[in-house]
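*Asks:* Below are the sequence and a predicted model for it; my questions follow.
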Amino acid sequence: MKLSCIDCHKEYSIDSFRYLCDCGNLLDVIHDFKSIDSEYLKQIFNKRLADRVSPFASGVWRYKELISPELETNHIVTKYEGNTGLYKTEKISNYIGNRCTWVKAQSENPSGSFKDNGMTVAVSHGYSLGKTKFTCTSTGNTSSSLAMYASLANSESYVFVPNKNISVNKVLQTLSYGAKVITFEGTYDNGIQFLEKYSDDLGLYVCNSINPFRIEGQKSIIYEIAQYLQWKLPDWVIVPGGALSNVSALGKGLNDLYTLGFIDKIPRVAVVQAEGASPFHKMVENNQETLIPNPNPDTVASALNIGDPPSWKKGLRTLEQTNGITVSVTDEEILNAKAIVDQSGIGCEPASASTVAGLKKLVAQNVIDSDETAVCILTGNLLKDTEILKKYHLESNEEAHFANSIISAELTIENIKKL
Ligand SMILES: Cc1ncc(COP(=O)(O)O)c(C=O)c1O
Ligand SMILES: N[C@@H](CCOP(=O)(O)O)C(=O)O
């Protein structure tokens, strides 16, 4: 295992931590899979599904050989993350207009979001190097996940959160796990710039998705979907796009599965961005050579309030590998899709619902056929943002098409029968 620059391909050892190349670009973890026997490994992965107590019971560490083969098992910091549900519901399929839609509920992770798949690997890597002070900047999910794993590792976490447009619940969750929370004027993008400049001087191990070990962990999401579906993936995988760690990990994971012969066809990837924070979609749509940051990202899906996604080059690589596409959706489309996901009994936060809204749009535009198979990744839990729920259901306006409100009634049998 080594690190390699995504741009100039300069190589670095994994024994000391770095996430940026001397040329300023991000790094990839490169594996040597030459000695892997895929059929044997498949059997091991299947056997581990029955495990409940070893680190391999985790839906991430089940695939250790493809994620971090050299890490000593006693350095693994895990909360049995992954192992999340893959569902098909009539309500969601009818809403989208596609009969074959799966949703993968990463919202069922221990801290309530997909971040846990990557964070367990980043924190374990830091822990194996003897680090005890971890950091991130965050709109709230990354910080909750980091705070949880840092505490599990008996270590400290320092998190930097924007002082507006983020969910209070997520900040409270972060605080509760024991993190030191610093708020600042600005966005996630300003936080990343600060950490890139000063984290070394502060002696802090960075756990944002610029950390290549985070991406290795997040590959497990597509491994797990493939394993649950007997190594036959749907035609499309739909992911939300913020900092672009999901799409980056997806491309890397698909490449692993295909190269090793676990799957014989690579699905196409669609990245969905919120209209008010869609620099990646604009770059792709307009055939621009480089991403033009949006200094004022603004969407109701606060987890997507990112104007300068650090992983855009990795994201673009995934689109190239998978004949992928991008699309943007309005806040209204996101909230309506979210109401459907919630009322289907699965539930998610707004950023996650962008995938359902995006797939609906792509089916309506005939970009995706109504009988092609697809999986939407639901990245975060319904309860991550209760302010939005209050606004949508209790202060609902005409735009909230699928709002469901509280009914106040005197408790008589006649009144309840009328409902
Ligand atoms: C719930 C949720 N969904 C989606 C995203 C966006 O994913 P990515 O940053 O990997 O593009 C984030 C944060 O980044 C998130 O917290
Ligand atoms: N939504 C994210 C922002 C992106 O964070 P990163 O982990 O990809 O750096 C959050 O929850 O903070």
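*Replies:* Looks like it arrived, so ask away. Ligands and ions are numbered 1, 2, ... in the order given.

*Asks:* got the residues of the chain near ligand 1?
*Replies:* Within the chain, the positions lying close to ligand 1 (CB under 6 Å from any ligand atom) are 113, 141, 240-246, 303-304, 349, 351-352, 379-380. In short, each C-beta sits where N, CA and C put it, glycine included.

*Asks:* which of those residues come close to ligand 2?
*Replies:* 141, 242, 243, 245, 303.

*Asks:* what's the span of stretch 69-85, first residue to last?
*Replies:* End-to-end distance for stretch 69-85, by CA to CA, to the nearest Å: 26 Å.

*Asks:* next one: it to chain centre, how far?
*Replies:* 17 Å (CA atoms, centre = their mean, to the nearest Å).

*Asks:* Stretch 184-191 too?
*Replies:* Using CA atoms, centre = their mean, the offset of stretch 184-191 from its chain centre is 20 Å.

*Asks:* Which ones among the residues of the chain next to ligand 1 map onto strands?
*Replies:* residue 240 (DSSP state E).

*Asks:* what's the closest of the residues of the chain next to ligand 1 to residue 232?
*Replies:* Residue 232 lies nearest to residue 246 out of these, by CB to CB, at 21.4 Å.

*Asks:* Give me the neighbour count for that closest one.
*Replies:* Residue crowding around residue 246 was assessed by other CB atoms under 10 Å; the count is 30.

*Asks:* Could I get the pLDDT score of it?
*Replies:* pLDDT for residue 246: 98.

*Asks:* wait, what's in contact with it?
*Replies:* Counting by CB atoms under 8 Å, 6 or more residues apart in numbering, residue 246 touches 114, 218, 221, 239, 240, 377, 379.

*Asks:* Could you count how many residues lie near the residue nearest to the second one when sequence neighbours are not counted?
*Replies:* Which is residue 218. Closest residue to residue 218 apart from its sequence neighbours, by CB to CB, 6 or more residues apart in numbering: residue 249 at 3.4 Å. By the measure other CB under 10 Å, the count of residues near residue 249 is 28.

*Asks:* On the three-state scheme, residue 249 is what?
*Replies:* Three-state assignment for residue 249 (DSSP: H, G, I helix; E, B strand; the rest coil): helix.

*Asks:* begin at 488 from here
*Replies:* Let's use 488 as the start, then, which means that last one is residue 736.

*Asks:* In contact with residue 817, which residues are there?
*Replies:* Here residue 817 is in contact with 761, 762 (criterion: CB under 8 Å, 6+ apart).

*Asks:* Tell me how far it lies from residue 874.
*Replies:* Going from residue 817 to residue 874 by CB to CB, to the nearest Å gives 19 Å.

*Asks:* ok, now residue 714?
*Replies:* Residue 714 is 36 Å from residue 874, by CB to CB.

*Asks:* Looking at the two, which has the bigger crowd around it?
*Replies:* Comparing residue 714 with residue 874 by other CB under 10 Å, the one with more neighbours is residue 714, at 20 against 11.

*Asks:* Identify the residue nearest the more buried one in space, chain neighbours excluded?
*Replies:* residue 532 (6.0 Å).

*Asks:* For the host helix or strand of the one you found, name the packing helices and strands.
*Replies:* Using DSSP states H and E, residue 532 falls within helix 525-535. Counting contacts by 3 or more CB pairs under 8 Å, 6 or more residues apart in numbering; DSSP states H and E, the secondary-structure elements packed against helix 525-535 are helix 551-554, helix 707-715.

*Asks:* Please tell me how far stretch 839-853 is from the chain's geometric centre.
*Replies:* 18 Å.

*Asks:* could the helices and strands packed on helix 525-535 go into a markdown table alongside mean pLDDT?
*Replies:* Formatted as a markdown table, these follow (pLDDT from 0 to 100):
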| stretch | mean pLDDT |
| --- | --- |
| helix 551-554 | 98 |
| helix 707-715 | 98 |
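
*Asks:* Of those helices, give the one that comes closest to ligand 2.
*Replies:* helix 707-715 (13.7 Å; CB to the nearest ligand atom).

*Asks:* which parts of the closest one are buried?
*Replies:* 707, 708, 709, 710, 711, 712, 713, 714, 715 (16 or more other CB atoms under 10 Å).

*Asks:* For the fifth one, which residues are in contact?
*Replies:* Under the criterion of CB under 8 Å, 6+ apart, the contact partners of residue 711 comprise 546, 549, 569, 570, 571, 591.

*Asks:* And the furthest pair within those?
*Replies:* For the contacts of residue 711, and using CB to CB, no pair is farther apart than 549 and 591, which are 15.4 Å apart.

*Asks:* For stretch 495-505, what does the pLDDT average out to?
*Replies:* The model assigns stretch 495-505 a mean pLDDT of 93.

*Asks:* nope, stretch 841-848 is what I was after
*Replies:* The model assigns stretch 841-848 a mean pLDDT of 98.

*Asks:* quick one: that stretch near ligand 2?
*Replies:* No. Using CB under 6 Å from any ligand atom, stretch 841-848 stays clear of ligand 2, coming no nearer than 12.1 Å.

*Asks:* got the CA positions of stretch 871-889 in CSV?
*Replies:* Output of stretch 871-889 as CSV, limited to C-alpha atoms (Å, rounded to 0.1, in the frame of the first residue of the first chain):
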residue,chain,number,x,y,z
LYS,A,871,-30.4,14.9,11.7
ASP,A,872,-32.3,18.0,10.9
THR,A,873,-35.5,18.5,12.8
GLU,A,874,-35.7,22.3,12.1
ILE,A,875,-36.4,21.4,8.4
LEU,A,876,-39.1,18.9,9.5
LYS,A,877,-40.8,21.6,11.6
LYS,A,878,-40.8,24.0,8.8
TYR,A,879,-42.0,21.6,6.2
HIS,A,880,-44.7,19.9,8.2
LEU,A,881,-45.8,22.4,10.8
GLU,A,882,-45.3,25.7,9.0
SER,A,883,-46.0,24.3,5.6
ASN,A,884,-46.7,26.5,2.6
GLU,A,885,-48.1,25.8,-0.9
GLU,A,886,-44.7,24.4,-2.1
ALA,A,887,-44.8,21.6,0.5
HIS,A,888,-46.8,19.2,-1.6
PHE,A,889,-46.3,16.1,0.5
